[in-house]
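Undergrad: Sequence and predicted model, in that order:
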Amino acid sequence: LASSCKQLELGCYSDSPSITDEAVVVLASECKQLKTLILHSSAITDAAVVALASKCTKLESLGLNSCYNITDAAVKAVASRCKKLTDLDLMYSPTITDEALAALSSCKKLRYLNVEGCDNITDAAVMALVSACKELVWLDLPNDEDSHITGATITNIRNILEARWAPTKPHELLAKARWA
């Protein structure tokens, strides 16, 4: 399939535990124009994501929600190679730590990040990311009892992100959404 879809820009393989590293490596090798790839709940490892990052540098949106075998190494590869990245979903990736957030701080176009369920990140890393990524307007954080994120940090981040949205009036957002 991948060899006949070399211009593929979007791939969605959500809730596909049968997706393997090998399949993602082939997809990355054949479909270098990928801009969006959703791999939620797959069994892939860092090897697949590293291959994806090295071959699909036009990637803008990557969904790795509930990919339990993904570590900081995968996120570092994406951050260093995919400079157009705007959206990243790492929800319920339990091995993600402050190192991944530090790497993502170089993603200047990052607008949306989901790290809910990533309980190994701290206040300092989250604040550094928000400070470095000036385009960031949406951040989902861990909010369970195992989280290391304090209420004070959540309030501070909420204020920063709301200020970034302030220049755009809600009716302007609706107009843009209708005509985009």
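TA: All right, it came through fine. Numbers count the residues shown, from 1 in each chain.

Undergrad: Surely residue 37 is in contact with residue 58?
TA: No. The criterion here is C-beta atoms under 8 Å, and residue 37 misses it with residue 58 at 10.8 Å. Placement of C-beta: from N, CA and C, glycine included.

Undergrad: So for those two, which sits in the more crowded spot?
TA: Legend: neighbour count by other C-beta atoms under 10 Å for residue 37 and residue 58, higher for residue 37 (24 against 14).

Undergrad: would the more buried one count as being in a helix?
TA: No. Applying DSSP: H, G, I helix; E, B strand; the rest coil, one finds residue 37 to be strand, outside a helix.

Undergrad: Look up how far residue 62 lies from it.
TA: As judged by C-beta to C-beta, to the nearest Å, residue 37 and residue 62 stand 6 Å apart.

Undergrad: Which neighbours do the two have in common?
TA: Residues touching both residue 37 and residue 62 (C-beta atoms under 8 Å, 6 or more residues apart in numbering) are residue 52.

Undergrad: Which residues does the longest helix belonging to the chain contact?
TA: Across the chain, the helix with the greatest residue count (assigned by DSSP state H) is helix 151-165. With C-beta under 8 Å, 6+ apart as the contact definition, helix 151-165 has outside contacts at 123, 126, 127, 130, 134, 136, 137, 138, 139, 141, 143.

Undergrad: what about residue 62, helix or strand, and which?
TA: Using DSSP states H and E, residue 62 sits in strand 61-63.

Undergrad: packing partners for that strand?
TA: Contact here means 3 or more C-beta pairs under 8 Å, 6 or more residues apart in numbering; DSSP states H and E; on that basis strand 61-63 packs against strand 36-38, strand 87-89.
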